[in-house]
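Enquirer: below: sequence and its predicted model.
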Amino acid sequence: PERFGFFDIETTGLSGGTGTYCFLAALGMFTERSFRVRQYFLADLLQERAMLTLLTEDLKRCGIVVTYNGRCFDVPCIDTRMLLARFGSPFDHAYSLDILYPVRRLYRHRLESCRLGETEQRLAGFLRKDDVPGWMAPTLYFDYLRAKRIAPMSGVLRHNRDDILSTLGVLTHLAEL
């Protein structure tokens, strides 16, 4: 289990490309006794290289990077940011496992949708309380950049952490099958 890294990001938009920043990334990993989630927060856009450096160091310890829709969104977004920072991809050394695809294959006719929110409830029994919807994250981040008040970002940090925990729960459900 120590080789698995559970990865999720929050960004300034969904369009991708060079104008989309990853302002929050989370990496969940097993340790000898526990499961730990580490979050990388971009407190200032000028500190992006430092954030990406720390993230890369931790991703290098993963043999398998597990995501939910990461193949189409998280991984390309990080790769774009790495390219702009003149870094190589932190995913080149690891196998990528995007569990959205097996969920769709197994449950597309049984679930209302295959969004993470639906699958985490139905397959892993994970219920969120007072969740900040992902679509609000960019607005809250831009407000943070203007006012430098971190308190409104606490819900986004919790949402990001919960994405990691629910991805772990859904993968556990799939493994039990």
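Expert: Good, I have the coordinates. Residues are numbered from 1 along each chain as shown.
Enquirer: what ranges does the chain have for its strands?
Expert: Under the criterion DSSP state E, the chain carries strands at the ranges 4-11, 22-30, 35-41, 64-67, 95-98.
Enquirer: so which of these is the most surrounded?
Expert: Comparing the strands of the chain by mean neighbour count (mean count of other Cβ atoms under 10 Å), strand 4-11 comes out on top with a mean of 25. Glycine gets a C-beta too; all of them are placed from N, C-alpha and C.
Enquirer: contacts for the longest helix along the chain next, please.
Expert: If you go by DSSP state H, the chain has its longest helix at helix 154-176. The contact list for helix 154-176 (Cβ atoms under 8 Å, 6 or more residues apart in numbering) reads 6-10, 24-28, 35, 37, 39, 41, 66-68, 97, 99, 102-103, 106, 116, 119-120, 123-126, 128, 130-134, 136-137, 140-141.
Enquirer: kindly report the same for stretch 26-34.
Expert: Everything outside stretch 26-34 that qualifies as a contact, by Cβ under 8 Å, 6+ apart, is 1-2, 4-9, 35-40, 55, 58-59, 61-62, 160-161, 163-165, 167-168.
Enquirer: and that stretch, how far apart are its ends?
Expert: One end of stretch 26-34 to the other measures 16 Å (Cα to Cα, to the nearest Å).
Enquirer: ditto for stretch 122-132
Expert: Start-to-end span of stretch 122-132 (Cα to Cα) is 20 Å.
Enquirer: next, the buried residues of that stretch.
Expert: 123, 124, 126, 132 (16 or more other Cβ atoms under 10 Å).
Enquirer: so the first one makes contact with residue 107?
Expert: Right, the one you point to is residue 123. Yes: here residue 123 reaches residue 107: they are 7.4 Å apart, a contact under Cβ atoms under 8 Å.
Enquirer: tell me who's in contact with residue 75.
Expert: 65, 67, 91, 96.
Enquirer: ugh, typo on my part, it should be residue 136
Expert: By Cβ under 8 Å, 6+ apart, the contact list for residue 136 reads residue 156.
Enquirer: avg pLDDT for stretch 84-102?
Expert: On average, the pLDDT along stretch 84-102 is 94.
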